[in-house]
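Asks: Sequence first, predicted coordinates after that:
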Amino acid sequence: MQTRLADFVRDTAHGAEAEAILRKCVHCGFCTATCPTYQLLGDELDSPRGRIYLIKQLLEGAGVSRTTQRHLDRCLTCLNCETTCPSGVRYGRLVDIGREVIEERVPRPALDKAVRWGLRKMVPFEGRFGAVLGLGRALRPLLPGVLRRQVPERREGDATWPAPPARPSRTFVLLRGCVQPVLAPQINAAAARVLGRAGIRLEEATGAGCCGAVSHHLSAPHEALARMRSNIDAWWPALDSGAEALVSTASGCGALLRQYGELLADDPHYRDKAAALAERTRDLSEVMDDALLETLPMASAHAPSVACHQPCTLQHSLRLTGRVPAILRGRGFDLTPVRDGHLCCGSAGTYSVLQRDLSQRLRARRLEALGEGAPGVIATANIGCLHHLQEGTATPVLHWIELLDRYCRGENAAHPS
């Protein structure tokens with residue numbers, strides 16, 4: 001693709017990066033076949049190829065409007081198109097750049113701007129998010145049906161962390177996260193218990209917070225980078241004193257952690273540590289090697305069948321397709337077939353709030369496919385997907401580590417409470 005970038009961006013780092021990405025695109029259109037929004041809307045401008053053209057026009061100085069911004073907003077950044085693309089176009093990075101640029105050039109309506117600001121100032125802060133959620137739960141009986149369904153009920157479960165192994169064979173630092181400790185604190189505790197059975201210590205670092213994904217995907221790059229630097233300062237002492245790696249139980253967070261090195265490449269004070277941290281980041285499924293799995297009991301014959309939802313971040317960002325199903329199948333769980341398992345559920349971080357209609361339509365499609373084998377439980381690997389899917393089904397939705405933990409402890413995995 002030929003490019004003629006405008007003066008305002010030509011000699012910038014963003015301009016050089018975007019130009020290199022644009023020139024790799026050969027207009028083949030393979031991406032349209034796997035794009036969730038194009039499948040729903042049938043509009044070329046709501047496909048990766050169409051959005052690439054819009055970003056090209058934007059960077060070449062052509063007139064852009066709220067319509068252009070709306071098409072970029074509708075992108076889930078699921079990266080299914082990157083997995084499909086034969087030319088290796090880094091679409092996800094390009095759309096991040098395009099969103100940042102258009103945010104500066106096209107004013108948003110006041111309400112839209114206020115909602116995005118509110119999400120950035122509430123969701124990444126565990127205390128604030130917990131307080132708002134607690135208030136919502138207290139008022140839940142008084143809310144209209146639509147709002148009531150958006151306030152998640154409390155998920156009962158054991159959030160007690162085990163005592164660390166006396167002589168751990170390995171040590172990992174855990175990404176605590178921001179939303180997950182409020183919505184489902186038992187997930188991280190379950191991970192600590194399962195790893196602890198194998199003599200592995202999982203420790204939390206004080207001072208770390210949101211990975212930065214909320215700010216990053218809402219086009220607030222300076223805010224996101226500040227969070228990344230703060231997290232590196234919090235995690236680095238443990239990584240520098242013997243911890244093997246940083247582990248994330250949420251694939252969405254892990255996907256951004258792997259980008260720290262790239263996103264902080266221009267920061268002379270943090271780029272080396274950021275690159276090293278990205279290299280030493282592991283999704284929880286990557287830690288579960290054969291030796292560890294052999295310490296876990298097999299699921300009983302009475303275990304519920306499982307439909308495994310593999311989040312986009314796990315498949316298309318971390319490129320770990322098939323890893324979680326293999327773990328569950330290897331411990332004796334019966335996995336039901338899931339049609340079109342590569343497609344997005346519509347959660348996509350704050351997308352389920354900002355693009356509610358599209359998000360719900362995508363969820364309905366996913367739940368239909370997940371339910372075709374009549375599973376007793378749906379397993380996933382990301383807190384956003386878990387909450388989003390559970391909102392639309394009566395079938396229990398659990399993190400896959402919860403399933404393993406419950407069978408280690410002899411509990412009934414079919415119930416989320």
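Replies: Nice, I can see it. Keep in mind that what you see is a predicted model, and the values were worked out from it rather than measured. Residues are numbered from 1 along each chain as shown.
Asks: contacts and neighbour counts: CA atoms only from here.
Replies: Will do.
Asks: which regions of the stretch 101-250 of the chain sit below the pLDDT cut-off?
Replies: Along the stretch 101-250 of the chain, the parts satisfying pLDDT under 70 run over 146-147.
Asks: For it, which segments are assigned as helices?
Replies: Taking DSSP state H, counting those that start in this stretch as the test, the helices found in the stretch 101-250 of the chain are 110-122, 126-139, 145-150, 180-183, 186-197, 213-217, 221-240.
Asks: and those as CSV, adding mean neighbour count and distance to residue 362?
Replies: Shown next, in CSV, are those (neighbours: other Cα atoms under 10 Å; distance: least, Cα to Cα, whole Å):
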stretch, mean neighbour count, distance to residue 362
helix 110-122, 14, 22
helix 126-139, 15, 25
helix 145-150, 12, 16
helix 180-183, 19, 22
helix 186-197, 23, 25
helix 213-217, 22, 19
helix 221-240, 18, 28
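Asks: Of the ones you listed, give the one that comes closest to residue 316.
Replies: Closest approach to residue 316 among these (Cα to Cα): helix 213-217, 16.2 Å.
Asks: any residues touching the closest one, and which ones?
Replies: Helix 213-217 has contacts (Cα atoms under 8 Å, 6 or more residues apart in numbering) with 96, 119-120, 123-124, 221, 223-224, 253, 256, 349-350.
Asks: Now do that helix: distance to the chain's middle.
Replies: Distance of helix 213-217 from the chain centroid (Cα atoms, centre = their mean, to the nearest Å) equals 11 Å.
Asks: Can you tell me how far the most centrally placed residue in the chain is from residue 259?
Replies: Central residue of the chain (Cα atoms, centre = their mean): residue 252, 1.9 Å from the mean position. Using Cα to Cα, to the nearest Å, residue 252 is found at 12 Å from residue 259.
Asks: Kindly report the same for residue 76.
Replies: Distance, residue 76 to residue 259, by Cα to Cα: 18 Å.
Asks: so where do the helices sit in the stretch 301-417 of the chain?
Replies: With DSSP H, counting those that start in this stretch as the criterion, the stretch 301-417 of the chain has helices spanning 312, 323-330, 351-354, 356-371, 383-390, 400-408.
Asks: Comparing the ones you listed, which stretch has the densest surroundings?
Replies: Most buried of the helices of the stretch 301-417 of the chain by mean neighbour count (mean count of other Cα atoms under 10 Å) is helix 312; its value is a mean of 31.
Asks: before we move on, the earlier item: neighbour-wise, which of residue 76 and residue 259 wins?
Replies: Counted by other Cα atoms under 10 Å, residue 76 and residue 259 do not tie: residue 76 has more neighbours, with 26 against 17.
Asks: Tally up the residues packed near residue 86, please.
Replies: Counted with other Cα under 10 Å, the neighbours of residue 86 add up to 13.
Asks: same check, this time on residue 49
Replies: 21.
Asks: what about the strand or helix carrying it, distance to the chain center?
Replies: If you go by DSSP states H and E, residue 49 is part of helix 48-59. Helix 48-59 sits 24 Å away from the centroid of its parent chain (Cα atoms, centre = their mean).
Asks: Tell me which other helices or strands that helix touches.
Replies: Counting contacts by 3 or more Cα pairs under 8 Å, 6 or more residues apart in numbering; DSSP states H and E, helix 48-59 is packed against helix 13-22, helix 66-73, helix 91-105.
Asks: Quick check: what element follows the shortest one along the chain?
Replies: Same thing as helix 66-73. Downstream of helix 66-73, the first helix or strand assigned by DSSP H and E is helix 80-84.
Asks: CA atoms only: put that next one into CSV for me.
Replies: Output in CSV follows, covering the C-alpha atoms of helix 80-84 (Å, rounded to 0.1, in the frame of the first residue of the first chain):
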residue,chain,number,x,y,z
ASN,A,80,-8.4,-12.3,14.8
CYS,A,81,-7.4,-10.5,11.6
GLU,A,82,-3.8,-10.7,12.6
THR,A,83,-4.0,-14.4,13.0
THR,A,84,-5.5,-14.6,9.5
